[in-house]
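Visitor: Sequence isn't available, so here's the structure alone:
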């Protein structure tokens, strides 16, 4: 079936629940899945009349039925994985044979969610489904109804994982997958997590990923996500963060792939002296559409949040940036900044930027801003006058524009990867490197 209604699409998604239930049976998260399934059936899928979706069409989801992926080898080998990853998921299911073991400090637990539900069920059940908003977010409810596998990372008190923990998601074709991650960093712990989403074919896939992140007192967690899927794919990604006193959390999202991508990042600053940083970089061309939604709730005093998102848009592509900071009355001495800058490389590219502040405290420093522009003609003229070609000059300015976000990624190899990927997408490829 192609070109169906949103009701048809909803019913197709709801039917995935029966497949999961048949395989998983009445396991310990059966009630969680069941309640989310009922809520999704009641709520339905989003539509353009809803404020948070009025600039993002779900028409690409209607065009195709994506059967739910089941665990299999799918013909995927190590050559598709590329650089070694500690967790490799194929169509949402963990593949131990493709994953690379890592040496972890004592007490650190890193495993698939399937295994964690067996071996660490007390920790998992205390947190899974407790933070992500399935009551009012249709795609979070859809993911929760289909929970099967994902990454479980637990950092005990005062532990440090020096090397980045790498998670690789491979989509093999016209299927839907529902990765569900749970990251828990206890008091004084430190780690970096790098997620990559990649396609192994040119077929459209539907990926609906959710991560619940708990960062304890004085813990420090860096979280990087690279969306590199093919330009036919549909990608929904939601991250819900709960932050403890004196904690530090940074989230870096780079979106280069996908026909339709929706990133939702929500953080609750529910103690004092928290620093939360959200950075985003997106480059679109063709008919790509990227929607970044963030919401940070400052609930307690003396917390900082910093958001910087930059977009580069070409051809008929489009993007949305909707960022909301909610400062509760108790949250005095809040320092919150949000900024969105966009570079339009064509006359037909479109950006809808909506930074928002909702402030109920009176002793705060909160700023927001949005800028939309084109390449600086004076800078282009200067570079060309130095013997640099027009293509090279444009590419140099585009890379310089992106570098402010890319250079904030805390892993050098990932920074280099992002720069190389961005350069490959520009006219002339790597000729200017």
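Guide: Now that the structure is in, tell me what you want to look at. Keep in mind the model is a prediction, meaning the values are calculated, not measured. Numbering: from 1, shown residues only.
Visitor: ok, and what's touching the lowest-mean-pLDDT helix or strand in the chain?
Guide: The helix or strand of the chain with the lowest confidence, counting by mean pLDDT, DSSP states H and E, is helix 78-81 at a mean of 80. By Cβ atoms under 8 Å, 6 or more residues apart in numbering, the list of residues contacting helix 78-81 from outside reads 88, 98, 168, 170, 200. Placement of C-beta: from N, CA and C, glycine included.
Visitor: Could you list the buried residues of it?
Guide: Under the neighbour-count criterion of 16 or more other Cβ atoms under 10 Å, helix 78-81 has 80, 81 buried.
Visitor: same thing with stretch 160-171?
Guide: Residues 161, 164, 165, 166, 167, 168, 169, 170, 171 are the ones in stretch 160-171 that count as buried (16+ other Cβ under 10 Å).
Visitor: do the same with stretch 86-96
Guide: Judged by neighbour count using 16+ other Cβ under 10 Å, the buried positions of stretch 86-96 are 86, 87, 88, 89, 90, 91, 92, 93, 94, 95.
Visitor: Distance check, the first one against residue 103.
Guide: For residue 86, the distance to residue 103 (Cβ to Cβ, to the nearest Å) stands at 10 Å.
Visitor: which residues in this protein form helices?
Guide: Secondary structure of the chain (DSSP state H): helices at 6-24, 30-43, 59-62, 78-81, 113-119, 121-127, 138-145, 377-385, 390-406, 412-425.
Visitor: Check these for me and report the most buried one.
Guide: Among the helices of the chain, the stretch with the highest mean neighbour count (mean count of other Cβ atoms under 10 Å) is helix 138-145, at a mean of 25.
Visitor: now the nearest residue to residue 390 once chain neighbours are set aside: how far from residue 377?
Guide: Take residue 390 and drop its neighbours on the chain: the residue closest to it by Cβ to Cβ, 6 or more residues apart in numbering is residue 384, 6.2 Å away. Between residue 384 and residue 377 the distance is 10 Å, computed by Cβ to Cβ.
Visitor: Can you measure across stretch 173-180, start residue to end residue?
Guide: Between the opening and closing residues of stretch 173-180 there is a gap of 19 Å (Cα to Cα, to the nearest Å).
Visitor: Give me the contact list for it.
Guide: 13, 16, 64, 66-69, 89, 91-93, 113, 128, 142-144, 146-151, 169, 171, 200-201, 203-211.
Visitor: ok, and the closest non-adjacent residue to residue 40?
Guide: Residue 40 sits nearest to residue 141 (Cβ to Cβ, 6+ apart), 4.2 Å away.
Visitor: Give me the distance between residue 276 and residue 307.
Guide: In this structure, residue 276 and residue 307 are separated by 9 Å, where distance is defined by Cβ to Cβ.
Visitor: list the residues that contact both of the two?
Guide: With contacts taken as Cβ under 8 Å, 6+ apart, residue 276 and residue 307 have residue 296 as neighbours in common.
Visitor: So what touches stretch 13-27?
Guide: Under the criterion Cβ under 8 Å, 6+ apart, residues 30, 33, 37, 40-41, 45, 68, 70, 117, 142, 145-148, 176 lie in contact with stretch 13-27.
Visitor: how about residue 99, what does it touch?
Guide: With contact set as Cβ under 8 Å, 6+ apart, residue 99 has these partners: 85, 86, 87, 88.
Visitor: Farthest pair within the residues you listed?
Guide: Using Cβ to Cβ, those reach their maximum pairwise distance at 86 and 88, which is 8.2 Å.
Visitor: circling back: inside strands: which ones of the buried residues of stretch 160-171?
Guide: With DSSP state E as the criterion, strands contain 165, 166, 167, 168, 169, 170, 171 from among those.
Visitor: For the first one, list each beta-bridge partner.
Guide: On DSSP bridges, the residues paired with residue 165 through beta bridges are residue 193.
Visitor: quick one: it and residue 152 touch, right?
Guide: No - proximity of residue 165 to residue 152 does not meet the contact threshold set by Cβ atoms under 8 Å, at 11.3 Å.
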